[in-house]
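Colleague: Okay, structure incoming, though there's no sequence with it:
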């Protein structure tokens, strides 16, 4: 499509790229340093950009605007093609991680039982994990379809299987290599989602056969929403009630084959159907599964923490469990997903912020006076309020996301090591760490997936009608995104669960001085008994003249909010009655976590890699805006808890907000460019780098909507329309005509 | 599909229909009376139900869950089929409105120039308008595709055409009958949306030809988003700059033919393309249009308020305008859309509230203790807080929607009458009324389209994963809905415009005692100088022990908020700086309008038709909850403006909120049933009347997703998957193999 550049007869010329280029040239910020800050460190930064390059130029993996026009069937097929392609990258990435491209058949060795090469570790697949996370930013459904296999199926086996089971299913059979078998994760049922403990699917141990019989007792026990089940998975892990000798041991996990791996035929007793259309992510083949007395060997039960040990002569077997770890591990498969969703929040947030900000800078509407040039949207205070806080959100999410991810890997490594050793003291310690990780990841997952849903929505609206075009990414982006608020732990449930744990810690600390400094000083520093006492005695002050004050105000609000809640619960003895407030606790905890992590990182040049002063100042402004924006958003609670007086909201907080916005506005293009997202990743013409909004957008629309077969603007069904328009007085004739006076008179005789 | 009813071996049985039926039986509310209240009065109620019956049983118009699986092409075709069908209903509905089914060829007469039957009026098409509004609740894109033709194209001609032009285009040519010609509305351009006055398309008067030349001077002047342009429209109204003798008279409206009405070929100089995929409503054929020196006769300019009068001998013509009415009328076409969107807010809100509430009553999750029956979602306080305020929102919208609609029709009738008479005094009066109507409709449109977007989102989330299934209506419902926040006046712009007018009224009243009681006492009663003085002198009290107090607290907050804003603007002299607060003014005005209208209606038995006391109490509870819920939501502002002290939020407002929720909870099923939406209109199996959530949902999923062609669970692309899983060590061989020690040694020589 050639560009339409005619500009005639002095008609006012809109030139968005002029503004964007000019602002880019005027900026003094060092966007390379900012990008290092956002990507955690130079090594990770380099890896990100190297992977992004490979992805956007890969002929199979690249995603174009035609993506927005694909039907469910096309999306399913294209996603499968991309999985196929990714499976080769997996081998490549493992070789890269092991630095082993020379002189060894690494894959063959890994898949050989007797081989002596070290078994696969999380580190070996860390490059691929990152690749998948980046691919997901362009094509979220692809991320999920592979993520279910590696992340849910794989992590369920890693978390609940014995060392031998892990090695067999994931390495020798090839699952980690996306080879041999393809897994899905049959947890959720039609009747039970959040309440995993009440799942109805049964795994009954048969003494004679030394097997389990997996069965779906009722319609509501149908496994539901199972990603990959409809068409891709050959195996699944099933969450089912372990029944031995009629005793119910609760929900455990079992590997169950579903399909012949070469013909893809369903195995006996397996009924599977397609769940069909969803709000988004139609490239995922979510399915339902019913089991009709499906037989699997006892050894297919994942037995790290629960073992069924047969006894001779048909005697009832022994069931051995390690209850503490069993409970934690049962859900550890979901932990990885939650941690990843915080990283997704950074990536998706930065993508949509880029689109919204570039449009706001390039788009003009309304002139201050007649014949003057129209004003850029970004120069309206209301528009600044709408879009700039959204721009800083991914900034604050990033350090928290990396920290959480690192914490997840180190804690899990510790758990694996300790659970093999059997050391009780160490076990208790790692289990406490894991519980804290649950709290942090749950509150950060819930808060950030909600924030990004709002960010996409707010920025879409800020682009007016053009935001509603599918080609500008917001529509599908929102539809694909919002499931993150529901799956792998419903946001409200996650908030309640984590807030209840925080409340318990608070009560222990405030009333009994119980506080584990070593364990809790990082995320839960605000629960130090001394700190709490300082707040309630009124000796802690809010100091917004200091940078740390923007963080501490949230610590103070958390303590006051928790105190408020504890008082109500003490009186009412009903924790459900304060659940609306508990959701706030989780949100405030997440906001505090993000501010704290960002503060630590940026305060420390060795961690931030930001040496340029103007750049550092801009990053501090982002930090301040984040804090002040959410104080203003929650000004109801801040006043109610008497953290700020009504007057202070009017005279301190809101003026500060209005002061910060123009500062960030000046850096808006630089802060956007600093995400370093190539156009191919943005995939929304109004947000491309060159800022030539109108040509880019017009050309993409034309490319995806060629002239109609029957002629330009003539739909295949034009006969339907022309016959409607050309009709005569048939209806009159049929009714009015037949009801003519003479006829009626005749009928009346 | 037969029902799966197996229930085996004492597995816990989930029985949602039991709860829903029981609650229905236990309710003492009179849902018929409530429905009359919601449908405005018994006559309108009867019409609604009669039309709904026809729509849901019509073989072409009915909409099933397969709707959620249709591709853009299928949606476009099916929408065209439905338009074709509706065109016959239009004739039927006009005959019904005229009560003329006997003895006259009414349509023929209407289309005959010399006929003596009275011309078509708004009343004649009021039944069809209601039919269209109800159809839109099932199939929003259909509503729009017809609405653009009748509402935008038609109203633009009605608002700007002379009596003869109106009669010719709409009646004789058949447009109102959906016949002869099909119209679209070419206002928005690629570069200009909200700023209509700066549109770039030009209509240059050619003295010699006595014609206009319509032209697109630049890419950004391309008409964009034009519903119906891509495939259906034969004609359009174009918003273009009137240029006569090189003088620019600003933007006026012109009728321009686009296509041959029988072949659908584009006419000379017309270039049209398809805008392609959108976030929702893909059944609308939005297109772009470029005009290349398209010639139309002078008489095609709509000339009620602006006339180009040629003079003999090639002299420059006279351009005669009535500036005041011209400006108002130019946008009056959008007024009808805004008024309709408030009605849509009621209808869509009630639909999604029905789904969310029935699911909340039928769904159980988590038991209070082991082996106890699991708790219904609706019994959790957090869930009550999430869903019950959403249930009462459509209750409060309904009376406001009907009042606004009535006001719109009466004001427009007055305008037509007065503008023909030319009476200057009356003209000024009706123009003031029209301005008030602009304020009310703008603030109600913006506030309610936002509220319903949130309602759909909140209720979808409250249904967990099942809310994400396309078959449960939320996904497409949201995607289709949210464009209402943007089109026919962007919500933020509408809020700013209406709030600025309110602020002006406030300043006039507060500083100069200027207040037109006759004109303003209805919507702007809170701007009475005495009332304002009472508030600032501190003599007005908030009395939440009285029903009127729930309304008045919003009047008080409006005055205080306006006072706060006026003070800031006085100091800063910059109205843009307070735009965030102005958006609040518009929202508060709308909330107050809704509470006030509801209060008047329910207080008056002759208007409410509610005679049963328990029923009336329940309706008052809905009113209270609406007010308190939004006070709590805006508790930041209520404290900041010192309407409530922080203590009062904790000890008065929030406890009242928690008191009201369980009351409404008891009536939840009755208040839902009272919308009287048949299953066919709900079109979401988890929300059907019988409450058999799981069977209904499972069966719809199975119906829409039959067994795959290649065998159950085997996708057509299974070869792609099985070859990936069955692959050997090709990658090793290709790279590792070639890089074997011997080869490398050889290459090293």
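Modeller: Looks like it came in fine. Keep in mind the model is a prediction, meaning the values are calculated, not measured.

Colleague: contacting residues around stretch A:130-137?
Modeller: The contact list for stretch A:130-137 (Cβ atoms under 8 Å, 6 or more residues apart in numbering or on different chains) reads A:47-48, A:51-52, A:54-55, A:61, A:82, A:86, A:89, A:93, A:142-144, A:146-147, A:150, A:340, A:343-344, A:347-348, A:351, A:681. All C-beta spots, glycine's among them, are computed from the backbone N, C-alpha and C.

Colleague: hmm, try it at 6 Å
Modeller: A:51, A:52, A:55, A:142, A:143, A:146, A:343, A:347 (Cβ atoms under 6 Å, 6 or more residues apart in numbering or on different chains).

Colleague: Export those residues to JSON lines and append columns for pLDDT, neighbour count and secondary structure.
Modeller: Formatted as JSON lines, those follow (pLDDT from 0 to 100; neighbours: other Cβ atoms under 10 Å in any protein chain shown; DSSP: H, G, I helix; E, B strand; the rest coil):
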{"residue": "A:51", "pLDDT": "98", "neighbour count": "20", "secondary structure": "helix"}
{"residue": "A:52", "pLDDT": "98", "neighbour count": "20", "secondary structure": "helix"}
{"residue": "A:55", "pLDDT": "97", "neighbour count": "23", "secondary structure": "helix"}
{"residue": "A:142", "pLDDT": "98", "neighbour count": "26", "secondary structure": "helix"}
{"residue": "A:143", "pLDDT": "97", "neighbour count": "24", "secondary structure": "helix"}
{"residue": "A:146", "pLDDT": "98", "neighbour count": "26", "secondary structure": "helix"}
{"residue": "A:343", "pLDDT": "98", "neighbour count": "23", "secondary structure": "helix"}
{"residue": "A:347", "pLDDT": "98", "neighbour count": "22", "secondary structure": "helix"}
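
Colleague: Let me know the closest of these to chain B.
Modeller: Ranked by distance to chain B (Cβ to the nearest Cβ), the contacts of stretch A:130-137 are led by residue A:146 at 11.6 Å.

Colleague: Tell me which residues touch the closest one, please.
Modeller: Contacts of residue A:146 by Cβ under 6 Å, 6+ apart are A:83, A:132.

Colleague: What's the local residue count around residue A:115?
Modeller: Counted by other Cβ atoms under 10 Å in any protein chain shown, the residues lying close to residue A:115 total 15.

Colleague: Please apply the same query to residue A:365.
Modeller: When neighbours are counted by other Cβ under 10 Å, residue A:365 registers 20.

Colleague: same question for the helix ranked longest in chain A, mean pLDDT?
Modeller: Longest helix in chain A, counting residues (DSSP state H): helix A:381-421. Helix A:381-421 comes out with an average pLDDT of 94.

Colleague: at contact distance from chain B, anything in that helix?
Modeller: Yes. Using Cβ under 6 Å from any Cβ of the partner chain, helix A:381-421 reaches chain B at A:381, A:382, A:385.

Colleague: which one of those is nearest chain B?
Modeller: Using Cβ to the nearest Cβ, residue A:382 is the member of the residues of helix A:381-421 next to chain B that sits closest to chain B, with 3.7 Å.

Colleague: from what I can see that closest one touches residue B:579, true?
Modeller: Yes. Under the criterion of Cβ atoms under 6 Å, residue A:382 makes contact with residue B:579 at 3.7 Å.

Colleague: Spell out which parts of the stretch 51-200 of chain A neighbour chain B.
Modeller: Within reach of chain B by Cβ under 6 Å from any Cβ, the stretch 51-200 of chain A has these residues: A:68-69, A:71, A:77, A:80, A:84, A:87-88, A:91, A:102-103, A:105, A:107-108, A:180, A:190-191, A:193-195, A:200.

Colleague: So which of the residues you listed sit within helices?
Modeller: A:77, A:80, A:84, A:87, A:88, A:91, A:107, A:108.

Colleague: Neighbour count and pLDDT added to those residues, as CSV?
Modeller: As requested, those are exported to CSV (neighbours: other Cβ atoms under 10 Å in any protein chain shown; pLDDT from 0 to 100):
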residue, neighbour count, pLDDT
A:77, 17, 97
A:80, 24, 97
A:84, 18, 97
A:87, 19, 97
A:88, 17, 94
A:91, 23, 95
A:107, 23, 92
A:108, 16, 92
